[in-house]
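> Attaching a predicted model along with its sequence, questions to come.
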Amino acid sequence: MVLFPNCKINLGLHVLQKRADGFHDLETVFYPLPLYDALEIVTAEEPIFSHSGIEIPGDEGNNLCRQAYDLLKQNFPQLPAVHMHLHKNIPIGAGLGGGSADGAFTLRILNTRYNLGLSVAQLEAYAARLGSDCPFFIRNTPCMARGRGELITPLPLDLSQWSFLLVHPCIHVNTGWAFGQLTPGAPALPLEKVDWANVTAWKEQLVNDFETPVFAAYPVIGGIKEKMYRHGAVFATMSGSGSAVVGIFPKNGIPEMRWEAHYRVFRM
């Protein structure tokens, strides 16, 4: 069985407070975009995890696809051994949630392929154990997220009448470092008070708390955002803790722009 895990972007991101468990309470809006990995899972004689595309750093045993399988295996011992193959296309460490999507989609495939009978709410609970962004990818529709990012509320937001430009400068921003640069606190404008029906108002209303420290440390990332605005974006933002930047343009209205040869650039 094959599914295509997609990325997400953050529209606004406020870090509210540090919690006793070491995590942070935040509020953000997750919005899915059609930039995909590919994940295939088939029954096998022994467990196999293979991958292609973008190189995946770190120990394969820590990959969220592997962790998702192991998590379900604990409660569903009848799960057979599987061969999972992940073709990685979503940039890694870019604030796009690609790894979280892969883990959540693994849960979805295993639930469907092997008739585990898990409800959406149950899948979200398993996903929350994998990572803060993972529950979003179970429903995979626009939502307001709070807590660590796992407390999600659907948001009726349709941006299909706009075009997106996503630029990843191939800079890895360490998430732990980025959180360490912030002083958490209440936002000037809570996300629930944003005029979500008016994209042209977002430039003045939406704030990603990570932009100030990340742009100071990596000016080229801030420069990407500024360049998008100079070329007609109605809204532009860094996603998550970076380093991908997304611009929203009138439908089919993304102009030609020159970027460094090593940047990864996607039009949607």
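Yep, that arrived. Being a predicted model, the structure only gives us computed values, none of them experimental.
> Only the buried residues of the longest helix belonging to the chain, if you could.
Taking DSSP state H as the criterion, the chain has its longest helix at helix 98-113. By 16 or more other Cβ atoms under 10 Å, the buried positions in helix 98-113 come out as 98-111, 113. C-beta coordinates here come from the backbone N, C-alpha and C atoms, glycine included.
> same question, stretch 30-49
30-33, 35-39, 41, 49.
> export those to a markdown table and tack on secondary structure and distance to T237?
Shown next, in a markdown table, are the buried residues of stretch 30-49 (DSSP: H, G, I helix; E, B strand; the rest coil; distance: Cβ to Cβ, whole Å):
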| residue | secondary structure | distance to T237 |
| --- | --- | --- |
| F30 | strand | 13 |
| Y31 | strand | 11 |
| P32 | strand | 16 |
| L33 | strand | 13 |
| L35 | strand | 16 |
| Y36 | strand | 21 |
| D37 | coil | 22 |
| A38 | strand | 27 |
| L39 | strand | 27 |
| I41 | strand | 34 |
| F49 | strand | 34 |
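> Mind picking the two most distant members of these?
Pairwise distances across the buried residues of stretch 30-49 (Cβ to Cβ) peak at 29.4 Å, for the pair Y31 and F49.
> And the strands in the stretch 51-200 of the chain?
Using DSSP state E, counting those that start in this stretch, the strands of the stretch 51-200 of the chain run over residues 82-88, 143-146, 151-154, 162-168.
> Contacts only, for the residue sitting nearest the centre point of the chain.
Centroid check for the chain by Cα atoms, centre = their mean gives G97 as the closest residue, at 2.5 Å. Taking Cβ atoms under 8 Å, 6 or more residues apart in numbering, we find G97 in contact with 7-8, 30, 133, 136-137, 240.
> Flag every buried residue along the helix or strand of the chain with the lowest mean pLDDT.
Ranking every helix and strand in the chain by mean pLDDT, DSSP states H and E puts helix 175-180 at the bottom, with a mean of 91. Neighbour counts over helix 175-180 (16+ other Cβ under 10 Å) mark 178-179 as buried.
> Tell me the first helix or strand C-terminal of it.
helix 202-205 (DSSP states H and E).
> what does that next one contact?
Against helix 202-205 from outside (Cβ under 8 Å, 6+ apart): 11-12, 189, 194-195, 229, 234-236, 248.
> Give the buried residues for that helix.
Residues of helix 202-205 classed as buried: 202, 205 (neighbour count, 16+ other Cβ under 10 Å).
> Find out how far it is from the centre of the chain, if you would.
The chain centre lies 21 Å from the centre of helix 202-205; the measure is Cα atoms, centre = their mean, to the nearest Å.
> One more: stretch 257-268?
That offset, for stretch 257-268, works out to 19 Å (Cα atoms, centre = their mean).
> ok, now stretch 139-156?
12 Å.
> Just list the residues touching the closest residue in space to R129 that isn't next to it in sequence, thanks.
Computed as Cβ to Cβ, 6 or more residues apart in numbering, the closest residue to R129 that is not its neighbour in sequence is L71, at 6.2 Å. L71 makes contact with 107, 126, 129-130 under the criterion Cβ under 8 Å, 6+ apart.
> Please consider this matter closed, and thank you.
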